[in-house]
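Undergrad: sequence and predicted model, in that order:
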Amino acid sequence: MSYPNYWFMSAIKNNLAELRRMIPPRVRIIAVSKTKSVADIQLAYDAGQRDFGENYVQEMLEKVPHLPSDIVWHAIGHLQTNKVKFVAPFIHYIHSVDSEKLLVELEKQAEKNNRIINCLLQFHIATEESKFGFRAHNYQEVLDQISWEGFPHLKIAGVMGMASFVENQKQLESEFNTLLNIFLDLKQRYFSNTESFKEVSMGMSADWPIAVEHGSTMVRIGSSIFGTR
């Protein structure tokens, strides 16, 4: 069955309004728009949404030229170094920085484009090995080797993590607490004088209430906004 455009507009608008009613104003809603059409993203934009997250560079590149220029774009999927040059001219946040090699390439491309790019350090906090990120058990020895002053065109804005795909609330709480504790440790260890280091990006459609309760400042929500079609 096909529905008229106004039906989807009403659904997206209502979904966003309900989320804004439930989620504290201190928490930024990132609308995950992967696989969603330009028309759907425009509907969310028209409902007041400005932050959008995409997983795949090619898909993002196809959408950006057809959408309003004041959208704040977030790259939330694993980012290969050879793709950085394509997003550097416009991206606002990279949520998935998981290596020094990627930091170096981001700095190089940000400088070329005369831009400052916000970066979040991704940490592996889940049980699934397929997820990316610095490992929670040894991140200190890895990050201690990085000269953080060497990235003048990057703003290290915080941390990101993806919890396990489970319904066990205790496990989710534990994983979100792990990320929050990593954030607090990094804040003290490297970024105590860095005002921009303030974001904890965790929580999605299924688990955002737990994430917010445990310190999230950014939630990445797709199906609860756009539906699962």
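TA: Received the coordinates, thanks.
Undergrad: near I30, how many other residues are there?
TA: 27 (other CB atoms under 10 Å). To be clear about C-beta, it is placed using only N, CA and C from the backbone, and glycine gets the same treatment.
Undergrad: which residue ranges of this structure form strands?
TA: 28-32, 51-54, 72-75, 93-97, 117-124, 134-135, 154-161, 199-201, 218-221 (DSSP state E).
Undergrad: strand 154-161 and the fourth one, what's the angle between them?
TA: Orientation check (axes from the mean of the first three to the mean of the last three CA atoms, to 10 degrees): strand 93-97 against strand 154-161 gives 60 degrees.
Undergrad: tally of neighbours for N177?
TA: With other CB under 10 Å as criterion, N177 counts 13.
Undergrad: how far away is it from D185?
TA: 12 Å (CB to CB, to the nearest Å).
Undergrad: the residue lying closest to K13 once chain neighbours are set aside and Y139, how far apart?
TA: Spatially, and ignoring its direct neighbours in sequence, K13 is nearest to A47 (4.1 Å; CB to CB, 6 or more residues apart in numbering). A47 sits 38 Å away from Y139, going by CB to CB.
Undergrad: swap in A211?
TA: 20 Å.
Undergrad: for these two, work out which one has more neighbours and name it.
TA: Legend: neighbour count by other CB under 10 Å for A211 and Y139, higher for A211 (27 against 18).
Undergrad: which residues touch that one?
TA: A163, L172, F176, M202, G203, M204, V219 (CB atoms under 8 Å, 6 or more residues apart in numbering).
Undergrad: for the last one, which residues are in contact?
TA: When you say that, I think you mean V219. Per CB under 8 Å, 6+ apart, neighbours of V219: I23, V27, R28, I29, I30, S201, M202, G203, M204, W208, A211, V212.
Undergrad: nearest to L19, of the contacts of A211?
TA: Nearest to L19, judged by CB to CB, of the contacts of A211 is V219 at 8.6 Å.
Undergrad: tell me the bridge partners for that closest one.
TA: With DSSP bridges as the criterion, V219 is bridged to I29.
Undergrad: quick check: it vs T178, distance?
TA: For V219, the distance to T178 - CB to CB - is 17 Å.
Undergrad: and for E199?
TA: Counting by CB to CB - E199 and T178 are separated by 16 Å.
Undergrad: low-confidence ranges in this structure?
TA: 1-9, 229 (pLDDT under 70).
Undergrad: now the helices for it?
TA: 5-22, 38-46, 57-63, 84-87, 100-112, 139-143, 169-189, 208-213, 223-226 (DSSP state H).
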